[in-house]
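Chemist: the following block contains a protein sequence and its predicted model.
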Amino acid sequence: MTMKKTNTTQRSPLAIAVLALLTEEPMHPYRIQQLIKERGKDEVINVRQRTNIYQTIDRLLRDGLISVRETARETGKPDRTIYEATDEGRGVLAQWLREILSTPCEEFPEFPVAVSFAPMLTSEDTTKQLETRLHALEQELGRLDSLFATHKDVIPRLFMLEMEYKRAMLVAELEWVGSVVMDLRTGALTWNDDWLREITKQFESRG
């Protein structure tokens, strides 16, 4: 029964965060959102819409991974439902963490898709868009470096590991986009309609 529920429960960054926080202690949804932001986890988890937290809680509650601890009532304020992780929920959380930490998975972000269809634009247009992205990446790297400089002597490294990873991925993307932009600027990488039609014919003839 436990394995069946584990296999059918939809895993997500927000579900992991909710389970982890409710494993620490019982709390209400607003506190969950607060803690995610206070601890800087919103750098890697999207909690802009509180409705997403409620939807995740409803799903975890339905699957028996969390339960209602109590309903807090204060005069003049809406009732607040306090949730806590169940034993099964704590087990699922541990399993999710082990699977994610140990096993690379294939993800499908939008950027590589856009890159694969870049020839739908002109090379000049693609250059312009990637230059804009390059500038945005440089700004984001500056923001992260500022955060590291501010917190490196205050927050133990253990609690900054996700930020280290985010920065490493950002640096890698920055380097790659920069190299593509350079090749586009110099003409080492380019295309036009005639060239694309010729390449298409070559592929079709091979098929």
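Modeler: On my side now, so go ahead. Residues are numbered from 1 along each chain as shown.

Chemist: next up, the contacts around the closest residue in space to V171 that isn't next to it in sequence.
Modeler: Nearest residue to V171 in three dimensions, chain neighbours excluded: L141, at 6.8 Å (Cβ to Cβ, 6 or more residues apart in numbering). Using the backbone N, CA and C atoms, a C-beta is placed for each residue, glycine as well. For L141, the contacting residues are 167, 170-171, 174, by Cβ atoms under 8 Å, 6 or more residues apart in numbering.

Chemist: now the buried members of those.
Modeler: Buried members of those, scored by 16 or more other Cβ atoms under 10 Å, are 167, 170, 174.

Chemist: and E84, helix, strand or coil?
Modeler: strand (DSSP: H, G, I helix; E, B strand; the rest coil).

Chemist: against K37, how distant is it?
Modeler: 21 Å (Cβ to Cβ, to the nearest Å).

Chemist: M163 against L144, yeah?
Modeler: Yes - contact criterion Cβ atoms under 8 Å: M163 and L144 qualify, at 6.7 Å.

Chemist: ok, T126 - contacts?
Modeler: 118, 184.

Chemist: now with 10 Å, please.
Modeler: 114-115, 118-120, 180-181, 184, 189-191 (Cβ atoms under 10 Å, 6 or more residues apart in numbering).

Chemist: so which of these are in helices?
Modeler: Counting by DSSP state H, the part of those found in helices is 114-115, 180-181, 184.

Chemist: K41: which of the contacts of L141 is nearest?
Modeler: Closest approach between the contacts of L141 and K41, by Cβ to Cβ: R167, at 15.4 Å.

Chemist: dump the residue contacts of the closest one.
Modeler: So R167 contacts 140-141, 144-145, 147-148, 160 (Cβ under 10 Å, 6+ apart).

Chemist: which of the helices and strands in the chain ranks last by mean pLDDT?
Modeler: Across the helices and strands of the chain, mean confidence by mean pLDDT, DSSP states H and E is lowest for helix 2-8: a mean of 49.

Chemist: C-terminal to that one, which secondary structure element comes first?
Modeler: Heading C-terminal from helix 2-8, the first helix or strand you meet, by DSSP states H and E, is helix 13-24.
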